[in-house]
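A.B. asks: quick one: sequence plus predicted model below, questions after.
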Amino acid sequence: MKRITNFIIVIIILIVILFLLTGCKSEDEQELLKEKSFAEMEYLENRVLVILKKYLMGDYLDDNNEIQWNLIEEEFSGALKNSSIIAIDLAGLSINNDLVLSLENKINAVSDAIASKTESNFIGSIKDVYKFVPELLDKYYQDKNIIRMKYVKSYLLDSLYFYIVGDKQNSISSIELAEKQYLELINDKSYLEENSYKVNRDYVTIQEMKIAVQNGELKTVIQKYLDTLTF
């Protein structure tokens with residue numbers, strides 16, 4: 001009887017160990033998936049911002065000052081092709097299906113805007129994709145300071161978009177949201193310690209962009225927005 005009891009105890013211990021090991025493996029896989037998905041979102045974010053930056057700097061203009069939409073389409077094709085992979089990994093993180101579908105729709109909307117060769121639609125669709133990145137990351141990513149900074153950049157892009165389409169009031173409101181979010185970010189001691197070398201510069205840049213919006217200085221607004229891309 002004692003041998004049987006000892007045997008049962010050993011089996012129970014082995015089951016517990018196996019359960020713990022399986023649990024750890026599952027957790028590790030989930031963490032790896034989170035990091036993979038984060039890298040994919042970073043890629044998407046970087047792709048749309050590089051395209052937007054080149055557009056704002058006139059890099060897509062030909063000798064006749066016409067936009068070469070085929071170049072923009074070519075540079076966005078990578079993000080379009082990877083959208084299904086991004087969606088699958090987000091679904092693997094149990095992100096709401098409606099949110100995943102919404103992201104795919106926003107990515108497709110950029111492609112449609114490029115095809116239509118409509119500048120306001122193009123900038124608006126880029127803005128919508130970029131704005132959705134922190135909203136999705138907020139569902140599963142742990143580093144909240146990274147997400148806060150992405151929200152700051154999202155509001156700044158909102159401000160630029162509204163200014164370009166002639167909605168000055170919403171442009172100012174958006175940059176004030178960026179300012180508020182940034183102040184909350186630098187109130188975090190760990191962020192402030194890690195980024196003390198650039199906090200003042202970044203905040204001043206936001207203020208300069210805000211003043212340019214208020215004064216109606218398009219070139220300065222664009223230049224200051226481009227400066228915020230280094231945040």
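C.D. replies: Perfect, I can see it now.
A.B. asks: retrieve the pLDDT associated with E104.
C.D. replies: In this model, E104 is scored at 95, pLDDT.
A.B. asks: with S116 instead?
C.D. replies: Among the per-residue scores, S116 shows a pLDDT of 96.
A.B. asks: ok, it - how many residues close by?
C.D. replies: Residues lying near S116 (other Cβ atoms under 10 Å) number 12. Every residue, glycine included, has its C-beta placed from N, CA and C.
A.B. asks: tell me which residues touch the spatially most central residue of the chain, please.
C.D. replies: Nearest to the mean C-alpha position of the chain, by Cα atoms, centre = their mean, lies V133 at 3.4 Å. V133 sits next to 41, 44-45, 150, 154 when contact means Cβ atoms under 8 Å, 6 or more residues apart in numbering.
A.B. asks: pretty sure it sits in a helix.
C.D. replies: Yes - per DSSP: H, G, I helix; E, B strand; the rest coil, V133 lies within a helix segment.
A.B. asks: and it, how far is that from L49?
C.D. replies: 10 Å (Cβ to Cβ, to the nearest Å).
A.B. asks: show me what contacts Y130?
C.D. replies: For Y130, the contact set (Cβ under 8 Å, 6+ apart) comprises 45, 48-49, 153-154, 157.
A.B. asks: what sits closest to D112 if chain neighbours are left out?
C.D. replies: Nearest residue to D112, sequence neighbours excluded (Cβ to Cβ, 6 or more residues apart in numbering): S125, at 7.5 Å.
A.B. asks: do L99 as well
C.D. replies: Distance criterion Cβ to Cβ, 6+ apart; nearest residue to L99, sequence neighbours excluded, is L136 at 6.4 Å.
A.B. asks: and the one you found, what's its pLDDT?
C.D. replies: At L136, the pLDDT value in this model is 95.
A.B. asks: repeat for L21
C.D. replies: pLDDT, L21: 52.
A.B. asks: try I17
C.D. replies: Predicted confidence (pLDDT) for I17: 53.
A.B. asks: same deal with the one 10 residues further on?
C.D. replies: According to the predicted model, the pLDDT of E27 comes to 74.
A.B. asks: could you measure L93 against D227, distance?
C.D. replies: From L93 across to D227, the span is 34 Å (Cβ to Cβ).
A.B. asks: for the chain, give me the ranges with low pLDDT.
C.D. replies: Across the chain, the ranges flagged by pLDDT under 70 are 1-25.
A.B. asks: just the helices in it please.
C.D. replies: 2-56, 69-92, 97-116, 119-137, 144-164, 168-186, 189-194, 199-215, 218-228 (DSSP state H).
A.B. asks: roughly how far is the third one from the heart of the chain?
C.D. replies: It refers to helix 97-116. Offset of helix 97-116 from its chain centre (Cα atoms, centre = their mean, to the nearest Å): 15 Å.
A.B. asks: which parts of it are buried?
C.D. replies: With burial defined by 16 or more other Cβ atoms under 10 Å, the residues of helix 97-116 counted as buried are 100, 103, 106-107, 109-111, 113-114.
A.B. asks: only C-alpha atoms, please: export it in CSV.
C.D. replies: Only the C-alpha atoms of helix 97-116 are listed here, as CSV (Å, rounded to 0.1, in the frame of the first residue of the first chain):
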residue,chain,number,x,y,z
ASN,A,97,-12.3,40.4,-34.6
ASP,A,98,-14.1,43.7,-35.4
LEU,A,99,-10.9,45.6,-34.5
VAL,A,100,-8.7,43.2,-36.6
LEU,A,101,-11.1,43.6,-39.5
SER,A,102,-11.1,47.4,-39.0
LEU,A,103,-7.4,47.5,-39.3
GLU,A,104,-7.4,45.5,-42.5
ASN,A,105,-10.1,47.9,-43.9
LYS,A,106,-8.0,50.9,-43.0
ILE,A,107,-4.9,49.4,-44.7
ASN,A,108,-7.0,48.7,-47.8
ALA,A,109,-8.4,52.3,-47.7
VAL,A,110,-4.8,53.6,-48.1
SER,A,111,-4.5,51.4,-51.2
ASP,A,112,-7.8,52.7,-52.5
ALA,A,113,-6.8,56.3,-51.8
ILE,A,114,-3.5,55.9,-53.7
ALA,A,115,-5.4,54.4,-56.7
SER,A,116,-7.9,57.3,-56.7
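A.B. asks: sweet, I'm off.
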